[in-house]
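Asker: what would the 3D arrangement of this be:
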Amino acid sequence: MTQLSFAGVSVEFGATTLLRDVSFTVAEGECWGIIGRNGAGKTTIFRLLTGEQRPTAGAVSRAGSLRLSLMDQNRDFGEAVTVWEAAAAPFAPLIALEASLHEQANRLADMGNHPDPAALDRYGHDMERFAHDGGYEFHAKVDAVLQGLAFDAEEAKVKLLSVLSGGERGRVGLAAQLVAPADVLLLDEPTNHLDLETTEWLQRYLLERRGTVLIVSHDRAFLDEVVDHVLHVEAGTTVTYRGGYSAFVIQRAERRLSLERQVDQQRKFIAKEEDFIRRNLAGQNTKQAQGRRKLLSRLPRLTPPPGEGDAMTFSLEVKERGGDRVVYCDRLDVAVEGRTLVRDFHATAMRGDVVAIVGPNGAGKSTLLRTILGERTPTAGEARLGGSITAAHFRQDLAQVPMGTTVYDVVSSLRPLWTRGQVQGLLGAFGFSGDTVQRRTDVCSGGERSRLALAMITLSRANLLVLDEPTNHLDVESIEAIEDALDGYDGTVLLVSHDRAFLRELSTRVWAFDGTRVEDFGGTFVEWEARQKARAADASAEATRASIARRDAEKKQAQRSSSSQGKEHTARRDRQRVAEQAEQEVAKLEARVAECRNAVQDPALYDGTAGSVRRAAELNRALKDAEAALDTAMQRWVEATAAQQ
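Answerer: Down below sits the predicted model:
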């Protein structure tokens, strides 16, 4: 079932055309990744889907009563005060209804045994609506999503939004987006503020979720795991591809090659036809030449594949080689405001290493980098750079980019002897052209400031690059340009990033945070990932074995207990049966004794005949035997009765 569709959609802003002839359809349950250069129109597509923006031409269609939920890049939590309130914002009507139900219940209780029938009816109706709308489930759903995004669900109910960092607010906004009761999720850069662990949790959540998802993202590994379609926004239009990001790369290359061949063939055909027309227009084949000219004028011209346009293309050079031992940490402790982040860390980064530094958000990765660079004093131990090592620092907050000046002046101040052409040539390599070189840094987007920071790093010609989340704010093409530049770099790199594809491509060793311990793993990020997955699988298997062993032990204990109880029950039943039999025997013997006594005491027995004498003697013996048997039976009955106690 088609839920969303674009048919010939175009978007224009004055004389500028942002999108033209965009057509695609999204079916229920599909997961689409939307990729393209910054400013290409990806977020505009979301605005068109929600109705926030209308197309200049074409039609955007949505299935009737379709619920869409958009997570934009600007977090607005309304009147929410705590983290939990912000995450639960989509359930505001349910929360209000829940509070109303409590008030109604209190009023009904005050009415005693004679409640108002109208109040009862309203309470019953509201209770039914509360249950139908998920009132008994949403608390658990909000808690689970907050927990998955590395918040403590209980602490979130009292933690104030006002004390959160920008990254934490981003995760709260994502939580609110994920819990929203929607048929279609529109996620705009959802992994921007997530670490490796929470990114993997988000992957699992989206894969297990039922519903349609459209994702704008530059995280190639994330897209590869989650999406089944790719919408590539390029040169003002879009092309759809089936599969994840890796499939898109292959299909796009094949499509471009095929299109280039078709364009080349058409050019050759047109050149051949034009040559024929030129040679024969005034000759004997005039009519044929005129016919061909008419056909040629009607021939639709194929458009060559779009070029890379403003894509970054740069290289990284070093001024001097420097020593082989670039970074040395020995028994290093790092603490902030009394909180220990790193304890007893020992590691060495050698020339040519690309060290991936990974760990949860807030673990202390950026603080460790600043300590290594000497911007912070270690709590204990030492961290130092090797001889002739010069470092360039790409800060996560981009504080190295000066404010209050222009993009052009930033580069010009670093190279005062360069000509205007040289400055603009460098900026052009980083995607700045035309009027954008005179743009003030205060109004630059995050992507523009990131590209400018990279331009500043190339000018440093440092032999140690310390890169703290360099791919934030950048599109896929720019990230791949950084990969190409670092691949040819002849220095050392300390790299903090949550982009797994980026880390897989470049890293030669890993420093991994585990609490306050930092492990120096002497292999690539790919090898570290494989090791972590194997450990997780072993831990899961061990937990499963322990669970099975615990269940088996509990089962055996229950069986022993049951067996013991069964034996006791059987013995008790046997004792009861013995006592009942003894009682029956006593009753039988008492009747026998009474019968014998009655017979012995019968006057007719004593008539003086020899037979009566013999009969009396037999009855007396029988009476004595019965009395003796009765005594024995009575003893057994007493013992059996006592055994039951």
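
Asker: can you map out the helices along the stretch 251-400 of the chain?
Answerer: Along the stretch 251-400 of the chain, counting by DSSP state H, counting those that start in this stretch, helices occupy 286-298, 365-372.

Asker: most packed of those?
Answerer: With neighbours defined as mean count of other Cβ atoms under 10 Å, the helices of the stretch 251-400 of the chain peak in mean count at helix 365-372, which reaches a mean of 22. No exception for glycine: its C-beta is placed from N, CA and C like everyone else's.

Asker: show me the contact partners of that one.
Answerer: 327, 329, 332, 334, 336, 341-342, 345, 357-359, 376-378, 383, 385, 393, 396, 466, 468, 494, 496, 513, 518 (Cβ atoms under 8 Å, 6 or more residues apart in numbering).

Asker: can you add mean pLDDT and distance to residue 40 and give the helices of the stretch 251-400 of the chain back as JSON lines?
Answerer: Converted to JSON lines, the helices of the stretch 251-400 of the chain look like this (pLDDT from 0 to 100; distance: least, Cβ to Cβ, whole Å):
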{"stretch": "helix 286-298", "mean pLDDT": "82", "distance to residue 40": "32"}
{"stretch": "helix 365-372", "mean pLDDT": "95", "distance to residue 40": "30"}
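
Asker: ok, which of these comes nearest residue 534?
Answerer: helix 365-372 (23.9 Å; Cβ to Cβ).

Asker: can I get the helices of the stretch 251-400 of the chain in JSON lines including distance to residue 439?
Answerer: As requested, those are exported to JSON lines (distance: least, Cβ to Cβ, whole Å):
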{"stretch": "helix 286-298", "distance to residue 439": "44"}
{"stretch": "helix 365-372", "distance to residue 439": "28"}
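
Asker: out of the ones you listed, nearest to residue 638?
Answerer: Per Cβ to Cβ, nearest to residue 638 of the helices of the stretch 251-400 of the chain: helix 365-372, 84.9 Å.

Asker: export that closest one to PDB, keeping only CA atoms.
Answerer: Extracted in PDB, the C-alpha atoms of helix 365-372 (Å, rounded to 0.1, in the frame of the first residue of the first chain):
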ATOM      1  CA  LYS A 365      37.500  11.400  24.900                       C
ATOM      2  CA  SER A 366      37.700  15.100  24.200                       C
ATOM      3  CA  THR A 367      39.300  15.700  27.600                       C
ATOM      4  CA  LEU A 368      41.900  13.100  27.000                       C
ATOM      5  CA  LEU A 369      42.800  14.800  23.700                       C
ATOM      6  CA  ARG A 370      43.200  18.200  25.400                       C
ATOM      7  CA  THR A 371      45.400  16.600  28.100                       C
ATOM      8  CA  ILE A 372      47.600  15.000  25.400                       C
END
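
Asker: tell me which of the helices of the stretch 251-400 of the chain lies nearest to residue 538.
Answerer: Taking these one by one with Cβ to Cβ, helix 365-372 is closest: 26.4 Å.

Asker: check the offset of that closest one from the chain's centre.
Answerer: 27 Å (Cα atoms, centre = their mean, to the nearest Å).

Asker: likewise for stretch 91-109?
Answerer: The answer for stretch 91-109 is 33 Å, by Cα atoms, centre = their mean.

Asker: residue boundaries of the strands in the stretch 501-645 of the chain?
Answerer: With DSSP state E, counting those that start in this stretch as the criterion, the stretch 501-645 of the chain has strands at 509-514, 517-521.

Asker: so where's the stretch 251-400 of the chain uncertain?
Answerer: Scanning the stretch 251-400 of the chain for pLDDT under 70 picks out 302-311.

Asker: on that earlier part again, give me whichever of the strands of the stretch 501-645 of the chain is most buried.
Answerer: By mean count of other Cβ under 10 Å, those have strand 509-514 as the most buried, with a mean of 20.

Asker: what about that one, average pLDDT?
Answerer: Strand 509-514 shows an average pLDDT of 95 in the prediction.

Asker: equivalent analysis for stretch 489-497, please.
Answerer: Computed over stretch 489-497, the average pLDDT equals 96.

Asker: rewinding a little: residue 51: which of the strands of the stretch 501-645 of the chain is closest?
Answerer: Using Cβ to Cβ, these put strand 509-514 closest to residue 51, at 44.0 Å.

Asker: with just CA atoms, put that closest one into PDB.
Answerer: In PDB, the C-alpha atoms belonging to strand 509-514 read as follows (Å, rounded to 0.1, in the frame of the first residue of the first chain):
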ATOM      1  CA  ARG A 509      44.600   0.900  16.300                       C
ATOM      2  CA  VAL A 510      42.000   1.700  18.900                       C
ATOM      3  CA  TRP A 511      41.900   3.300  22.300                       C
ATOM      4  CA  ALA A 512      38.600   2.200  23.800                       C
ATOM      5  CA  PHE A 513      37.100   3.600  26.900                       C
ATOM      6  CA  ASP A 514      35.600   1.100  29.400                       C
END
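
Asker: adjacent strands (with direction) for that strand?
Answerer: Looking at strand 509-514 with DSSP bridges, its partner strands are strand 354-358 (parallel), strand 517-521 (antiparallel).

Asker: write the PyMOL selection for whichever of the contacts of helix 365-372 are buried.
Answerer: The command below creates a PyMOL selection of those among these that count as buried (16 or more other Cβ atoms under 10 Å):
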select buried, resi 327+329+332+334+341+342+345+357+358+359+376+378+383+385+393+466+468+494+496+513+518
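
Asker: please flag which of the contacts of helix 365-372 sit within strands.
Answerer: Among these, the members falling in strands (DSSP state E) are 327, 329, 332, 334, 336, 341-342, 345, 357-358, 383, 385, 393, 466, 468, 494, 496, 513, 518.

Asker: quick one on the thing from earlier: same list, the strands paired with strand 509-514, but as a markdown table with distance to residue 550 please.
Answerer: A markdown table is the format used below for the strands paired with strand 509-514 (distance: least, Cβ to Cβ, whole Å):
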| stretch | distance to residue 550 |
| --- | --- |
| strand 354-358 | 34 |
| strand 517-521 | 30 |
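
Asker: for stretch 530-545, what is the average pLDDT?
Answerer: Mean predicted confidence for stretch 530-545 is 87.

Asker: buried residues in it, which are they?
Answerer: In stretch 530-545, counting by 16+ other Cβ under 10 Å, buried: nothing.

Asker: repeat that for stretch 475-485.
Answerer: Those would be 475-482, 484-485, for stretch 475-485 by 16+ other Cβ under 10 Å.

Asker: centre of the chain to stretch 275-287, how far?
Answerer: With Cα atoms, centre = their mean, you get 68 Å for stretch 275-287.

Asker: what segments of the stretch 51-200 of the chain are helices?
Answerer: Going by DSSP H, counting those that start in this stretch, the stretch 51-200 of the chain shows helices at 83-87, 92-110, 117-132, 138-148, 166-179, 196-208.

Asker: go through the ones you listed and name the closest to residue 13.
Answerer: Of those, nearest to residue 13 by Cβ to Cβ is helix 166-179, at 27.2 Å.

Asker: packing partners of that closest one?
Answerer: strand 68-71, helix 83-87, helix 138-148, strand 184-188, helix 196-208 (3 or more Cβ pairs under 8 Å, 6 or more residues apart in numbering; DSSP states H and E).

Asker: which among the ones you listed is found nearest to residue 312?
Answerer: strand 184-188 (22.4 Å).

Asker: can you name the residues in contact with the closest one?
Answerer: 3-4, 26, 42-43, 46, 49-50, 66-73, 174, 177-178, 209, 211-217.

Asker: pick out the residue closest to the middle of this structure.
Answerer: The C-alpha lying nearest the average C-alpha coordinate of the chain belongs to residue 202 (Cα atoms, centre = their mean; 1.2 Å).
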